[in-house]
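Undergrad: I'd like to go over a predicted model; first the sequence, then the structure.
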Amino acid sequence: MRILGIESSCDETGIAIYDDEQGLLAHQLYSQVKVHADYGGVVPELASRDHVRKTIPLIEAAFAQAGCGPESLDGVAYTAGPGLVGALLVGTSIGRSLAFGWNIPAVAVHHMEGHLLAPMLEDERPDFPFIALLVSGGHTMMVKVDGIGEYEVLGESVDDAAGEAFDKTAKLLGLDYPGGPLLAKMALQGVAERFVFPRPMTDRPGLDFSFSGLKTAAANTIRSAGDDMQTKADIAHAFQTAVIDTLAIKCKRALKQTKIKRLVIAGGVSANVELRAKLERVMQGMQGKVYYPRTEFCTDNGAMIAYAGMQRLKAKQYAPLDMKTQPRWPLDSLKPI
């Protein structure tokens with residue numbers, strides 16, 4: 001079977017073609033970073049308009065890359081939520097219309113299920129069950145995964161997501177948008193332990209996250225400590241270390257509670273090299289293993305939507321003819337396969 005995947009939930013237009021025997025045949029991605037850079041964040045209306053401009057040309061490019069056409073497809077998958085409603089509507093309307101026109105099934109994919117299953121695109125895949133840490137600009141959550149569609153959310157952020165906190169702190173440090181990766185790069189020049197920030201919500205039971213207080217602590221330090229480059233680097237180092245330590249503590253807690261030895265990290269923040277190194281050490285100490293997608297599949301992309309869509313297509317969980325988006329869509333409400 002072969003499927004076309006369309007991702008348009010925020011500020012990346014991702015298109016992919018996935019074959020259940022041959023694997024990923026094509027992968028096209030357009031980032032809107034330059035579109036939103038002058039505004040310091042994503043402007044929903046501009047994001048929607050850019051998806052309108054880019055989606056069809058990228059689909060054509062994906063067909064050319066894969067060396068096939070619509071006649072070879074068995075379905076079309078698109079991100080139906082969560083995300084920005086206007087951006088979701090673009091991918092949903094195009095994906096659903098193409099499926100109708102080509103007389104093949106359409107599949108509505110949950111964006112976070114796409115991230116959660118992204119490591120399945122790699123040669124070394126985790127077996128079920130596993131614990132998934134989903135960390136991105138819009139979400140931070142800990143999920144127990146017993147199978148595709150069998151999700152138990154163990155904890156999530158009660159305010160800012162980890163990626164959002166990275167970007168906001170980077171902006172306070174005077175870094176360009178998107179600031180998270182730039183903050184991580186700046187942190188490499190920082191002196192350890194010159195500044196020490198709290199590890200929020202680690203001194204109490206539970207697996208929920210909170211990063212707004214940590215962001216405020218960083219903001220107060222930035223205002224009081226001076227603005228020379230070394231000080232900024234030291235603050236960046238302290239902030240990143242606090243976020244990573246917090247995520248690692250929560251992962252270790254979840255693994256102990258569930259007695260599971262496999263950990264998946266996915267989402268944009270999972271590309272952070274220091275986070276990966278920290279969780280590798282945690283899993284070695286627990287005699288377990290950590291899995292993550294390659295860097296290009298950490299951020300939003302069409303490949304993860306195509307893969308997740310393929311699983312739903314095989315289970316015949318088709319989307320109805322009406323074009324429904326879900327800007328808010330609980331992960332644990334999905335049907336199991």
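TA: Thanks, I have the structure now. Numbers count the residues shown, from 1 in each chain.
Undergrad: CA only for contacts and neighbour counts going forward, please
TA: Fine.
Undergrad: quick check: phi and psi at the residue nearest to the spatial centre of the chain.
TA: With distances taken as C-alpha atoms, centre = their mean, the chain has G267 as the residue nearest its mean C-alpha position (2.6 Å). The phi and psi torsions at G267 (degrees, to the nearest 10) take the values phi 100, psi 170.
Undergrad: that one contacts C298, doesn't it?
TA: Yes: counting by C-alpha atoms under 8 Å, G267 touches C298, with 4.9 Å between them.
Undergrad: just to revisit the earlier point, ok, the residue nearest to the centre of the chain to R49 distance?
TA: With distances defined as C-alpha to C-alpha, to the nearest Å, the gap from G267 to R49 amounts to 24 Å.
Undergrad: how about V290?
TA: Distance, V290 to R49, by C-alpha to C-alpha: 38 Å.
Undergrad: same question, A106
TA: Separation of A106 from R49 (C-alpha to C-alpha): 23 Å.
Undergrad: where does P205 land in three-state SS?
TA: coil (DSSP: H, G, I helix; E, B strand; the rest coil).
Undergrad: need the phi and psi values for it.
TA: Listed backbone geometry of P205 is phi -70, psi 160, with angles given as degrees, to the nearest 10.
Undergrad: just the strands in the stretch 151-300 of the chain please.
TA: Assigned by DSSP state E, counting those that start in this stretch, the stretch 151-300 of the chain shows strands spanning 262-266, 289-291.
Undergrad: pick the most deeply packed of the ones you listed.
TA: Using mean count of other C-alpha atoms under 10 Å, the stretch among these with the greatest mean number of neighbours is strand 262-266 (a mean of 25).
Undergrad: what lines up beside it in the sheet?
TA: Listed by DSSP bridges, the sheet partners of strand 262-266 and their directions read strand 130-135 (parallel), strand 289-291 (parallel).
Undergrad: need these in CSV (columns: distance to L121).
TA: CSV is the format used below for these (distance: least, C-alpha to C-alpha, whole Å):
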stretch, distance to L121
strand 130-135, 15
strand 289-291, 11
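Undergrad: reformat those strands as a markdown table; add mean pLDDT and distance to D20.
TA: Shown next, in a markdown table, are the strands paired with strand 262-266 (pLDDT from 0 to 100; distance: least, C-alpha to C-alpha, whole Å):
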| stretch | mean pLDDT | distance to D20 |
| --- | --- | --- |
| strand 130-135 | 98 | 22 |
| strand 289-291 | 97 | 21 |
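Undergrad: tell me what angle the lengthiest helix in the chain forms with strand 130-135.
TA: For the chain, the helix reaching the highest residue count under DSSP state H is reported as helix 229-258. Here helix 229-258 runs at an angle of 150 degrees relative to strand 130-135 (axes from the mean of the first three to the mean of the last three C-alpha atoms, to 10 degrees).
Undergrad: which helices and strands does helix 229-258 pack with?
TA: The criterion is 3 or more C-alpha pairs under 8 Å, 6 or more residues apart in numbering; DSSP states H and E, and the helices and strands that helix 229-258 contacts are strand 130-135, helix 162-172, helix 180-187, helix 212-225, helix 273-285.
Undergrad: any idea how far P126 is from V264?
TA: The gap separating V264 from P126 is 8 Å, by C-alpha to C-alpha.
Undergrad: common neighbours of the two, please.
TA: Here V264 and P126 share the contacting residues 119, 291, scored by C-alpha atoms under 8 Å, 6 or more residues apart in numbering.
Undergrad: nearest to G86, of the strands of the stretch 151-300 of the chain?
TA: Shortest distance between G86 and the strands of the stretch 151-300 of the chain, using C-alpha to C-alpha, is found for strand 262-266: 24.6 Å.
Undergrad: spit out the contact partners of S8.
TA: With C-alpha under 8 Å, 6+ apart as the criterion, the residues that contact S8 are 14, 51, 79, 87-88, 90-91.
Undergrad: need phi/psi at it.
TA: Its backbone dihedrals place S8 at phi -150, psi 40, with angles given as degrees, to the nearest 10.
Undergrad: tell me the buried residues in stretch 313-332?
TA: Neighbour-count burial for stretch 313-332, with 16 or more other C-alpha atoms under 10 Å as criterion, is recorded at 313, 317-319, 324-327, 329, 331-332.
Undergrad: hmm, which two among those are most spread apart?
TA: Longest distance between any two of those is 22.0 Å, between L313 and P327; criterion C-alpha to C-alpha.
Undergrad: where do the contact lists of G267 and C298 overlap?
TA: In the contact map built from C-alpha under 8 Å, 6+ apart, the residues linked to both G267 and C298 are H115.
Undergrad: how about JSON lines for the buried residues of stretch 313-332, with pLDDT, distance to D146 and secondary structure added?
TA: Putting those into JSON lines (pLDDT from 0 to 100; distance: C-alpha to C-alpha, whole Å; DSSP: H, G, I helix; E, B strand; the rest coil) gives the following:
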{"residue": "L313", "pLDDT": "98", "distance to D146": "19", "secondary structure": "helix"}
{"residue": "Q317", "pLDDT": "97", "distance to D146": "19", "secondary structure": "coil"}
{"residue": "Y318", "pLDDT": "97", "distance to D146": "22", "secondary structure": "coil"}
{"residue": "A319", "pLDDT": "96", "distance to D146": "24", "secondary structure": "coil"}
{"residue": "K324", "pLDDT": "91", "distance to D146": "27", "secondary structure": "coil"}
{"residue": "T325", "pLDDT": "95", "distance to D146": "26", "secondary structure": "coil"}
{"residue": "Q326", "pLDDT": "95", "distance to D146": "24", "secondary structure": "coil"}
{"residue": "P327", "pLDDT": "95", "distance to D146": "25", "secondary structure": "coil"}
{"residue": "W329", "pLDDT": "96", "distance to D146": "20", "secondary structure": "coil"}
{"residue": "L331", "pLDDT": "96", "distance to D146": "13", "secondary structure": "helix"}
{"residue": "D332", "pLDDT": "94", "distance to D146": "12", "secondary structure": "helix"}
